[in-house]
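Chemist: Here is my input, please return the structure:
(one chain, ligands or ions: 3)
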Amino acid sequence: MTKSSTKKKDTSPADVSPASVDHLMSLQSHLLLEEAKHPEATGQFTWILSALSLSAKYIAARCRMARLEAVLGEVGNENVQGEKQQKLDVIANDTLLRALGTRHGVAIVASEEDDKPAILHTETAGERPYVVLFDPLDGSSNLDTGSAVGTIFSVLQHDRRAKDAEGSVLQHGTQQVAAGYILYGPATVFVLTTGNGVQMFVLDPSIGSFLLVDSDVRIPDGHKSYSVNEAYSASFPEGYRNYLAWAHNNGYSARYVGTMVADVHRVLLKGGVFMYPPTDKAPSGKLRLMYEANPMAMIIEQAGGKAYSGTIRTMEVEPEAIHQRTSVVLGTASEVDRVLSYLKD
Ligand code: AHG
Ligand code: MN
Ligand code: MN
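Modeler: Numbers count the residues shown, from 1 in each chain. Ligands and ions are numbered 1, 2, ... in the order given. Have a look, this model is predicted:
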């Protein structure tokens, strides 16, 4: 070791910048550092993210143990969207509700699995500043095989002027104050944006902490890959089919898990495009604007990519119902532009 490298740097807490991942930085410490930059912050936002982090660890553990704890398979009823609920959908949903229910900053929660948004602590909801939306378990058709699944979340300011809970939830994606997802795969990965780039944390299960591995995730360019359920391509609008025909002739490869979190995570790290176009079965698209498309769009845009629903920027789509469906094209900016050029023809 050279003399200069042994020289002590001043590393008082205020000087430790999260821009460098050389530091050992947990999600919790990252949030506290961010909070310290805003003297007006009350800490309520940090507590909400801590509830999401706790839920993520709990859900990851339940997914890992699902076969052993005999919680695979269907509950036997359908959710509000007419989809068969899995036991783990219910467990993940309850976990998030229980964790967020104890956080003073949350006025309303809305879940893909529930009919209506829930107002927490009705008597004080008016004073609480945030609304949290989530898809508790994404990709649940992959659960039985032990493939990757995820959780997606979005945080909005509570609109106190709205006449009811649904009115407060129905905001444009551009209004999101934070969004993210957790991937339950070989590793549990927490990807977060609060509107200041994208940070990625990986759970170290031996210490129970999410550790920062990338403080500024940028979506790469030039990866010749698309992610779409091509089995439905005969019913895609012509523009999508023409793009796919072009990709087939230009050396592209396909990757599709069928879990949006896993597919988008791959696109975020490698580049390329993820699409869920309108189909005959789902003429508006299958994915949910509020729980899936908007949060993923914010992540992708904050990483330098683009996210569109048809020819409209996803985060500018007018929300009319909390379980509204939308089509999605997101990924590397130049590749999304290429798809859009086919949609506009
Ligand atoms: P969920 O499990 O939350 O209902 O979401 C499933 C979604 C999404 O994860 C994925 O991109 C898509 O459904 C897959 O749909 P197809 O099976 O139609 O391809
Ligand atoms: Mn989903
Ligand atoms: Mn789901």
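
Chemist: Share the number of residues neighbouring Glu127, please.
Modeler: Residue neighbour count, defined by other C-beta atoms under 10 Å, stands at 12 for Glu127. C-beta: built from backbone N, CA, C; applies to glycine.

Chemist: Then Arg160?
Modeler: Counted with other C-beta under 10 Å, residues neighbouring Arg160 total 12.

Chemist: give the contact list for it.
Modeler: 126, 168 (C-beta atoms under 8 Å, 6 or more residues apart in numbering).

Chemist: Could you measure from Ser154 over to Asp138?
Modeler: Separation of Ser154 from Asp138 (C-beta to C-beta, to the nearest Å): 13 Å.

Chemist: Name the nearest residue to whichever residue of the stretch 101-250 of the chain sits closest to ligand 1, ignoring sequence neighbours.
Modeler: Taking C-beta to the nearest ligand atom, ligand 1 has its nearest neighbour within the stretch 101-250 of the chain at Asn229, 3.5 Å off. Using C-beta to C-beta, 6 or more residues apart in numbering and skipping the chain neighbours, the partner closest in space to Asn229 is Tyr256 (6.0 Å).

Chemist: Domain map for this protein?
Modeler: 23-214, 225-344 (automatic domain parsing).

Chemist: beta partners of the closest residue to ligand 2 within the chain?
Modeler: When scored by C-beta to the ion, the chain has Asp138 as its residue closest to ligand 2, at 3.4 Å. Listed by DSSP bridges, the beta-bridge partners for Asp138 are Gly150.

Chemist: and it, what does it touch?
Modeler: Contact analysis of Asp138 by C-beta under 8 Å, 6+ apart lists 149-152, 181, 259-261, 292.

Chemist: Make a markdown table from those residues and add distance to Asn250 and neighbour count to it.
Modeler: Formatted as a markdown table, the contacts of Asp138 follow (distance: C-beta to C-beta, whole Å; neighbours: other C-beta atoms under 10 Å):
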| residue | distance to Asn250 | neighbour count |
| --- | --- | --- |
| Val149 | 32 | 29 |
| Gly150 | 30 | 30 |
| Thr151 | 35 | 26 |
| Ile152 | 31 | 28 |
| Tyr181 | 30 | 27 |
| Thr259 | 27 | 23 |
| Met260 | 25 | 26 |
| Val261 | 28 | 26 |
| Glu292 | 29 | 27 |
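
Chemist: For Pro278, grab phi and psi.
Modeler: In terms of degrees, to the nearest 10, the main-chain angles of Pro278 are phi -60, psi 150.

Chemist: roughly how far apart are it and Leu143?
Modeler: Taken as C-beta to C-beta, the span from Pro278 to Leu143 is 26 Å.

Chemist: again, but for Met298
Modeler: 26 Å.

Chemist: Ok, His172 next?
Modeler: Separation of His172 from Leu143 (C-beta to C-beta) stands at 32 Å.

Chemist: of those two, who's got more company?
Modeler: Each of His172 and Leu143 has its neighbours counted (other C-beta under 10 Å); Leu143 has more, 22 against 16.

Chemist: That one looks like it's in a helix, true?
Modeler: Yes: secondary structure assignment places Leu143 in a helix (DSSP: H, G, I helix; E, B strand; the rest coil).

Chemist: so what's it up against?
Modeler: Applying C-beta under 8 Å, 6+ apart to Leu143 gives the contacts 63, 66, 72, 86, 88, 137, 149.

Chemist: hang on, isn't the second one packed against Leu72?
Modeler: This means Ala66. Yes: Ala66 lies in contact with Leu72 (C-beta atoms under 8 Å); the separation is 5.2 Å.

Chemist: Overlap of the contact sets of the two?
Modeler: Common neighbours of Ala66 and Leu72, counting by C-beta under 8 Å, 6+ apart, are 88, 143.

Chemist: Comparing those two, which residue is more hemmed in?
Modeler: Ranked by neighbour count (other C-beta under 10 Å), Ala66 and Leu72 place Ala66 first, with 20 against 16.
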